[in-house]
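Enquirer: fold the stuff below for me.
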Amino acid sequence: MIDRLESISRHYAELEQELAKPEVVTDHEQVTKLARELAGMRDIVEAYRDYREAEKAHQEARELLHAEKDPEMQDYLRGEEAAAAARIEELNERLKVLLLPKDPNDDRDVIVEIQGAEGGDEAELFARDLFQMYTKFADRKGWKVDLIDARESGIGGFSKVEFEVKGQGAYSQLKFEGGVHRVQRVPKTESQGRLHTSAATVAVMPEADAVEVELPEKDIKVETSTSTGPGGQSVNTTYSAIRITHLPTGMVVSIQDEKSQLKNRDKAMKVLRARLYERKLAEQHAEQDAQRRSMVRTGSRSEKIRTYNFKENRVTDHRINLDLYKLDRVMEGELDEIVDALIAAERAEQLAGVSS
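Expert: Numbers count the residues shown, from 1 in each chain. As a prediction, this is how the structure comes out:
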């Protein structure tokens, strides 16, 4: 392990030197790439520095204790030696976790798509609630949320909403949200006060750099039309709505959020790149991606990853059998306890795989 840590530390120092070169500073793509790689190693390098300092402190305490004759000073030095040993053990465990294989997309920005699934109007209202929950979570993290496209339903919900989340570690935190989210509550539209069960699907895609997903003009078909709102109401009379078809795959992206055709095109291309990048990842990691995608499948309530029970003020994550009785706070964006538990479960599974 030490040899690997030394190698990572040397590579980190080399990247820092590379990033400081004048010809690199002016190259935005290269700066982004190097900064992302440095960020991915920073925690390991800092923990290893602390580990080496703890080892040095432990060795010094042992040498001083060996030479010390005063009983009181010996007791003090034994305490220092024990504290340093405990620190070494703590950092050793931390480094084991940090050295686990890391998802290369963890530090990327993400594109999130939420759609109402089973449950009609109530499912679409819940889709809006999820969008607001993630927006508040992002705000707590200091991330930026940009709306890409929103298809509003007649009663204020979303049949579909797409948005971008920009910030350090966005994908590492939000990737666990992909799947079917089930809600149990009395809908606003329910006059008899009966409990209904509905569902919305969430897809989380790491945002792809332009250089990673090439989109030559011959591979795309771009169509324009006037934007329309709920019920066919015209949003504006200019041909600003964009529909892009990726001819090799048949993948279609439609955006009408902005009044500017150019802005809608940029957004559509960003979504298309993210979808194609996810497809590329799926081909590279077919088994892993199939497992994640199986959670969404048809959007059926029976395929849920999480349940939101408003009557009991309970949220349950079925993947790790976690129950929290503070749904009201979760809906206000307090997702850290759930996300941290999912990350811990993933790490425990990885550690078990390493040790077996």
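
Enquirer: any stretches of the chain with poor pLDDT?
Expert: By pLDDT under 70, the low-scoring segments of the chain are 189-191, 209-212, 226-239, 284-303, 353-356.

Enquirer: swap in 50 and give it another go.
Expert: 230-237, 288-289, 291-299, 356 (pLDDT under 50).

Enquirer: need the longest helix for it.
Expert: For the chain, the helix with the greatest residue count under DSSP state H is helix 28-67.

Enquirer: tell me who's in contact with the residue of the chain positioned farthest from its centre.
Expert: No residue in the chain sits farther from the centre than Lys69, which is 56.6 Å out by CA atoms, centre = their mean. If you count contacts by CB atoms under 8 Å, 6 or more residues apart in numbering, Lys69 has none. In this view, the C-beta of every residue, glycine as well, is placed from N, C-alpha and C.

Enquirer: helix, strand or coil for it?
Expert: Secondary structure, DSSP: H, G, I helix; E, B strand; the rest coil: Lys69 is coil.

Enquirer: return the distance of it relative to Glu81.
Expert: Lys69 sits 17 Å away from Glu81, taking CB to CB, to the nearest Å as the criterion.

Enquirer: and what of Thr32?
Expert: As judged by CB to CB, Thr32 and Glu81 stand 45 Å apart.

Enquirer: tell me which of these two has more neighbours.
Expert: The neighbour comparison of Thr32 against Glu81 (other CB atoms under 10 Å) goes to Glu81, with 19 against 12.

Enquirer: does the more buried one touch Leu65 like I think?
Expert: Yes. Between Glu81 and Leu65 there is a contact under CB atoms under 8 Å: 6.2 Å.

Enquirer: picking that back up, the longest helix of the chain: what's the following helix or strand?
Expert: As assigned by DSSP states H and E, the chain's next helix or strand after helix 28-67 is helix 71-98.

Enquirer: now the terminal residues of stretch 136-154, how far apart.
Expert: For stretch 136-154, the first-to-last residue distance is 24 Å (CA to CA, to the nearest Å).

Enquirer: offset the numbering so it begins at 51, please.
Expert: In the new count, where the first residue is 51, that last one comes out as stretch 186-204.

Enquirer: in it, what counts as buried?
Expert: By neighbour count with 16 or more other CB atoms under 10 Å, stretch 186-204 contains the buried residues Lys186, Phe187, Ala188, Lys191, Trp193, Val195, Ile198, Asp199, Ala200, Arg201, Glu202, Ser203.

Enquirer: tell me the one of those residues nearest Asn314?
Expert: Ranked by distance to Asn314 (CB to CB), those are led by Asp199 at 8.4 Å.

Enquirer: and the closest one, how far from Lys317?
Expert: Applying CB to CB to Asp199 and Lys317 gives a distance of 7 Å.

Enquirer: what are the structural domain limits within this protein?
Expert: Structurally, the chain divides into domains by automatic domain parsing as follows: 52-148, 153-406.

Enquirer: from the chain's centroid, how far away is the shortest one?
Expert: The gap between where domain 52-148 is centred and where its chain is centred comes out at 27 Å by CA atoms, centre = their mean, to the nearest Å.

Enquirer: what of the longest one?
Expert: When C-alpha coordinates are averaged (CA atoms, centre = their mean), domain 153-406 and its chain have centres 11 Å apart.

Enquirer: list the buried ones in the longest helix of the chain?
Expert: 83-84, 86-88, 91, 94-95, 97-98, 100-102, 104, 107-108, 111-112, 115.

Enquirer: how about stretch 133-148: buried residues?
Expert: Residues Ala134, Ala135, Arg137, Ile138, Leu141, Arg144, Leu145, Leu148 are the ones in stretch 133-148 that count as buried (16+ other CB under 10 Å).

Enquirer: what's in contact with it?
Expert: Against stretch 133-148 from outside (CB under 8 Å, 6+ apart): 51, 55, 93-94, 97-98, 100-101, 104-105, 107-108, 111, 397, 401.

Enquirer: let's see it at 6 Å
Expert: Contacts with stretch 133-148, where a contact means CB atoms under 6 Å, 6 or more residues apart in numbering, come from Asp93, Ile94, Ala97, Asp100, Tyr101, Ala104, Ala107, His108, Ala111, Arg397.

Enquirer: now swap in stretch 228-238 and tell me
Expert: 172, 176, 243, 245-254, 345-346, 349, 351, 353-360.

Enquirer: among the residues you listed, which lie within helices?
Expert: Per DSSP H, helices hold the following members of the contacts of stretch 228-238: Glu172, Phe176.

Enquirer: strands along this structure, start to end?
Expert: For the chain, strands defined by DSSP state E occupy the ranges 160-166, 194-202, 208-216, 229-235, 246-256, 270-275, 291-296, 301-305, 354-359, 364-367, 372-374.

Enquirer: helices or strands up against the second one?
Expert: It refers to strand 194-202. strand 208-216 (3 or more CB pairs under 6 Å, 6 or more residues apart in numbering; DSSP states H and E).

Enquirer: list the contacts of Lys194.
Expert: Listed by CB under 6 Å, 6+ apart, the contact partners of Lys194 are Lys216.

Enquirer: quick check: beta-bridge partners of it?
Expert: On the basis of DSSP bridges, Lys194 is bridged to Lys216.

Enquirer: from Glu64, how far out is it?
Expert: Taking CB to CB, one finds Lys194 at 31 Å from Glu64.

Enquirer: center of the protein - which residue?
Expert: Centre-nearest of the chain using CA atoms, centre = their mean is Tyr221, 2.3 Å out.

Enquirer: much appreciated, bye for now.
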